[in-house]
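> Coordinates for the following, if possible.
(chains A, B and C)
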Amino acid sequence: MDLIKLKIDGKVVEVPTGTTIYKAAKELGIDIPVLCYMDLKNLNIENKPGGCRICSVEVEGRRNLAPSCSTDVAEGMNVKTNSVRVINARRTVMELILSDHPKDCLTCAKSGNCDLQSMAQKLGIREIPGQEYAEMSTYRLDTSPSIIRDMDKCIMCRRCETMCNDFQTVGALHAVNRGFEAVVAPAFEMNLEYSSCTYCGQCVAVCPTGALTEVDHTNKVIAALNNPNKTVVVQTAPAVRAALGEEFGLEPGTRVTGKMVTALKNLGFDYVFDTDFAADLTIMEEGTELLDRLSKHLNGDKDVKLPILTSCCPSWVNFFEYHFPEMKDIPSTARSPQQMFGSIAKTYFAEKIGIDRKEMVVVSIMPCLAKKYECQRDEFKVDGNPDVDISISTRELAHLIKQANMDLVGMEDSDFDKPMGESTGAGVIFGVTGGVIEAATRTAYELHTGKSLESVDFKQLRGMEGIRSASVDFDGLEIKIGIAHGLGNARKLLEDIKAGKSEYHAIEIMACPGGCIGGGGQPYHHGDASILTARTKAIFDEDEGKVLRKSHENPDIIKLYEEFLDKPMSEKAHHLLHTHYFNKKKKTFEV
Amino acid sequence: MSSVKIELRKDQIEKIHSFCDTFNNAHGELINVLHKTQGEFGYLPAEVQEVIADKIDMPVAKVYGVVTFYSFFTMTPKGQHPISICTGTACYVRGAENVLAEFKKQLDIEVGETSEDGKFSLSCLRCVGACGLAPVVQVGEKTYGRIAPDDVEEILKEYL
Amino acid sequence: MVNKTQIRIALRNCGLINPERIEEYISEKGYMALGKVLTEMSQEEAVNIIIDSGLRGRGGAGFPTGIKWDYARKSVSDQKYVVCNADEGDPGAFMDRSILEGDPHSVLEAMAICGYCIGADKGLVYIRAEYPLAIERLNIAITQAREFGLLGDDIMGSGFSFDIEIRYGAGAFVCGEETALIHSMEGERGEPSLKPPFPAESGYLGKPTNVNNVETLANIPVIYLKGADWFSGIGTEKSKGTKVFALAGKVNNVGLIEVPMGTTLREVIYEIGGGIREGKKFKAVQTGGPSGGCLTEKHLDTPIDYDNLIANGSMMGSGGMIVMDEDNCMVSIAKFYLDFTVEESCGKCAPCRIGNKRLNELLGRICEGKGTEADLDRLRNLGEVIKDTSLCGLGQSSPNPVLSTLDNFYDEYISHVRDKKCPSGVCKDLMEYFIIEENCVGCTACARACPVGAITGERKEPHLINPEICIMCGACMEKCKFDAVILK
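Residues are numbered from 1 along each chain as shown, chains lettered A, B, ... in the order given. Predicted coordinates for the structure are as follows:
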């Protein structure tokens, strides 16, 4: 590749053709401030609309300043990133952006984690000239089950639009209006609830300000914990333990499973359980369903369709219900681990401890925002009482722990409570892309072949590629498996199925990059791909450290079937652990 | 969300579909489809945008994003007699502002609104290429030149 | 408005031929240039003629047309496009419309020539939907050209094929910017994108695309017929040929004019325009529409060309030329243009979206008498930063009306902020009701009409208005039968 030589702030640097000034400066250790720019390298997503102009630099011989994030270097270029002209422009533009931004930092959900706030700090902005008579653009507050849109705080970086359209192909958000009124919004500026939004939360994950945040339920949790008439049960999803530590200053990838359990116990939860238990249960149901559909299909039953698609990601469920309703009979009918947990907790476990389901509050800690929506779905309620009452994100749990003035880092480890705290390594890996299908393979292989696996590690199913495919030899029967993370990738696999071009027997789909570890409710990764890799490693480390690594070997799962459910896909299991899907391709205006 | 809730008839939906078909349902032809549809309906209510989005398989948020970008497209039905006041530079220099203010006062509506009886709607446009007649006002197809605020009442009377 | 100082090149056929009959265009040597290019020249030779002619883009920035064609010619691609920008959005300019209505074939011929030069077989005209007559005539012209074998497959047996389609604009000034125009033609929001890549490399549908405006194209055929030397013999050293202006405002003769580059503003305003109306005093002339600036008395003898206009803080723009007299308030004029820019900003980049809004607010405050001298410094800094940091040509030029009036009419700004007076008597908030002693007969009608008791005076004695109490309702002026109450 051709190298280009240029000068930045007097220092010479050589970079390949096509490098931007911003990246060339990085080579020199010069960190040009950027705001709207976002580079999610491992996802092939680069957002550089050149909109905020904070990254403007002076290029000798050029009439105006150049946006360094999106201007390529040229031979002999002489760039200044710190001239008076640049500093004045950067500051003036920043003042302009702030002049159209609310000043309620103290109570903003993003305070301390806000790129705009950090930038104002970095540039030393202390007042905004003319603020007292500057008109601000205002929009109606939009509260959906999962996400709050406070567009008064939107700075038009367009990151959310990029994630929603280019990465997820959901198309719920788009730039609308023009000029000062321009903003990113759903069609007709209606609430997200009436759009094609899947609540994946990737818009929230990349929003630099408090314009897009999760609906915060920490107060509801505190109220439940303080209610003496309620037994409060908590479940924690696998991806949470791999990221929670980041909120307390620990290195990404530090596992805090035991500390988290202690924190939850200290917070006053009556029973601290693991969603991994329900993940094992999911494998029992989904794996059995897979084998059932597979054998029927192979025996020529035309009514049974393949591939079977996983159904544990609620955002993915929303996606196909809205975008591919004609295929709603293809995904597994198994409920997600969160919902299986709730269903068993409020039946089997409630019976065990002798209370009515109405006296129990089930809280879930999830890396996900779509889970907030999922637990409100009518089909997961009994007489109006939801199986899972409150779902909070990893970030909200961190807030809860901080509010309670607890030091997570210094805590001793504790074990999950029994019986719903027992899990295998298969349940843990639900948190990463490919993990669900690997867990299913471990069980389905042994159930199908009657043989014991020599190695449970199916490395061919792992990785960060958006779409992966692999074959697993089921003792002579070749099972073809597809994996996608990110809904845009999922869409490609679905289009193939629709066109009859898909050769897969089973497909795993996760809506978020990297799977749940990159979920919309996780600590903000600010576009740093290495954080996702570290979290992935943490999950597989936990799997490897487990004695039991196959779901069907979980003793408490075996007991659950013996005592309560009979066998996978039994009538009771069907009633409590399976669901059905809806055509949500409704017209916005009918709402 | 300035749209009035309407119910589209089957033949109207078919008409929109035929417009989309004329342009091969191509995403690149969205603006042509919108032009054609607005030509038929007079405006582009939400329901119509939904039908277009569905037919050409494009997120409706995007269709709305395009509709709201261009000033030619409107989501409010125009009045029986749409009044356009040229606020191009030549007209401005010769006092179009005052003429506009008078129309607003007499009709008691703002720019972009339609009078309660549905008779008049008010809009501004930029240069009709009749700068010699500045300031210029158009009511429907008819053009009035060298208008002063005092003439406004007379003009409106023609349409009552 | 024929005058010895005018030369008609772009407008050569306008008004002289029937635009709906191709035969009349052909009889004026129409399509001969296309024939000549197709039969006698290589692509490179043909492009070189335009380079040699020195023709620069008439749509705004004045980029050399031949160089632009050459970039597109050199781009390697299986498909290229020629686009005619007819989205004339400058309020107060209508030369493109006049050409399309009066001589559509000259544009079609030029597009076909350009197609040959760069290796494109498809042309698109992006035209304002508000121009129904121009659209109709273009359609007629395209049909006739096809019938005559001047568009379509194998034109004149040369093996070169070229056809033209029409695309409609939908009311967005920013779509005059070529990347925005291309996005609009692709069915998207007309937001500009960063250059490079230039359309010549990656334009419409990602293919090399050459975008020229109507007036630029209308010059093309004659250049081939009369030669590059003939064309470059007209005009100034760096600006060749003629320029069409839409002369409007406070001059006696308004309308389209076409003058050689290098003509002075004085010649245009006084000789062609017949001087200022009603014998008033010339104050300023705005060239280049909302992207341009105000020039004054001291610029009257400056030859008009691209570089002189830019050097004086204005620009050629698309050729709007609005003349202002002593009755026009320059702060209000700057605000008028900013109103336009704020309405037309696409909103993509922060300096244009928010900055122009703030400029406009500041100007509004100054017109209302709430401005301070510090605000003038803010106006200048803000204006300069917006020019320096905006994404596209719209934002990069939108502060020009403010900056040029600050430069040339600083006193007028000072009057507004320091003395709270509008010297031209335009800014209503800066005026006071005042009773002319000589006219007042002391009838007390005004004092009785005043709702706040601001008027005092004995019967049959001249009355007085106390500006501290006055609420500017105007009741006194309405009541006075002796023209004694004035606003000043």
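
> shouldn't residue A:156 be in contact with residue C:353?
Yes. Residue A:156 lies in contact with residue C:353 (C-beta atoms under 8 Å); the separation is 7.0 Å. Backbone N, C-alpha and C define where each C-beta goes, glycine included.

> Report the set of residues contacting both of these two.
Taking C-beta atoms under 8 Å, 6 or more residues apart in numbering or on different chains as the criterion, residue A:156 and residue C:353 both touch A:182, C:347.

> Among those two, which residue is more densely surrounded?
Neighbour count, other C-beta atoms under 10 Å in any protein chain shown: between residue A:156 and residue C:353, residue C:353 has more, with 28 against 25.

> residues in contact with the more buried one?
Going by C-beta under 8 Å, 6+ apart, residue C:353 touches A:156, A:179, A:180, A:182, C:345, C:346, C:347.

> now those as a markdown table including pLDDT?
Listed next are the contacts of residue C:353 as a markdown table, based on pLDDT from 0 to 100:
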| residue | pLDDT |
| --- | --- |
| A:156 | 97 |
| A:179 | 96 |
| A:180 | 97 |
| A:182 | 97 |
| C:345 | 97 |
| C:346 | 97 |
| C:347 | 97 |
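
> Among those, which ones lie close to chain B?
Counting by C-beta under 8 Å from any C-beta of the partner chain, residue C:346 from the contacts of residue C:353 sit close to chain B.

> Tell me the one of the contacts of residue C:353 nearest residue C:203?
Nearest to residue C:203, judged by C-beta to C-beta, of the contacts of residue C:353 is residue C:346 at 18.4 Å.

> Could you pull up the contacting residues of that closest one?
A:178-179, A:182, B:69, C:172, C:174, C:180, C:189-192, C:352-353, C:394.

> just curious, which of these is nearest to residue A:72?
residue C:192 (17.6 Å).

> what sits against the closest one?
Here residue C:192 is in contact with C:174, C:177, C:179, C:180, C:183, C:346, C:348, C:391, C:392, C:393, C:394 (C-beta under 8 Å, 6+ apart).

> ok, these vs residue A:200, which is closest?
Within the contacts of residue C:192, proximity to residue A:200 (C-beta to C-beta) peaks at residue C:348, which comes in at 25.3 Å.

> Quick check: the gap between that closest one and residue A:189.
19 Å (C-beta to C-beta, to the nearest Å).

> Show me which of the two is the more surrounded one.
Each of residue C:348 and residue A:189 has its neighbours counted (other C-beta under 10 Å); residue C:348 has more, 26 against 19.

> for chain B, which spans come out with low pLDDT?
Regions of chain B meeting the criterion pLDDT under 70 cover residues B:1-5, B:129.

> repeat that for 50
For chain B, the stretches flagged by pLDDT under 50 are B:1-3.

> Show me what from it comes close to chain C.
Contacts of chain B with chain C, taken as C-beta under 8 Å from any C-beta, map to B:26-32, B:34-35, B:65-66, B:69-73, B:87-90, B:92-94, B:125-129, B:131-132, B:134.

> re the thing from before, among the contacts of residue C:192, which lie within strands?
Using DSSP state E, the subset of those located in strands is empty.

> Which of those fall within helices?
Within the contacts of residue C:192, residues falling in helices by DSSP state H are C:179, C:180, C:183, C:393, C:394.

> Please tell me how far the closest residue to chain C within chain A sits from residue C:346.
Chain A approaches chain C most closely through residue A:182 (2.8 Å), counting by C-beta to the nearest C-beta. Per C-beta to C-beta, residue A:182 is found 7 Å from residue C:346.

> any chance you could map the helices in the stretch 401-550 of chain A?
Per DSSP state H, counting those that start in this stretch, the stretch 401-550 of chain A carries helices over the ranges A:425-428, A:435-449, A:487-498, A:529-544.

> Nearest spatial neighbour of the residue of chain B found nearest chain A, chain-adjacent residues omitted?
Across chain B, the shortest distance to chain A (C-beta to the nearest C-beta) belongs to residue B:59, at 2.7 Å. Counting by C-beta to C-beta, 6 or more residues apart in numbering or on different chains, residue A:171 is the residue found nearest to residue B:59 once chain neighbours are left out, at 2.7 Å.

> I'd guess that neighbour is in a helix, am I close?
No. Counting by DSSP: H, G, I helix; E, B strand; the rest coil, residue A:171 is not part of a helix but coil.

> and it, how many neighbours?
Residue A:171: 22 neighbours (other C-beta under 10 Å).

> can you check residue A:347 too?
Using other C-beta under 10 Å, residue A:347 has 18 neighbouring residues.

> per-domain residue ranges of the chain.
Just so you know, I chose chain A. Following automatic domain parsing, one gets these domains for chain A: A:3-82, A:98-214, A:219-577.

> nope, chain B please
B:10-67, B:81-157.

> what do you get for chain C?
C:22-232, C:242-325, C:330-419, C:432-487.

> Ends of the first one, what's the gap?
Taking C-alpha to C-alpha, to the nearest Å, the span from the opening residue of domain C:22-232 to its closing residue is 29 Å.

> Rounded mean pLDDT for that domain, please.
The average pLDDT within domain C:22-232 is 95.
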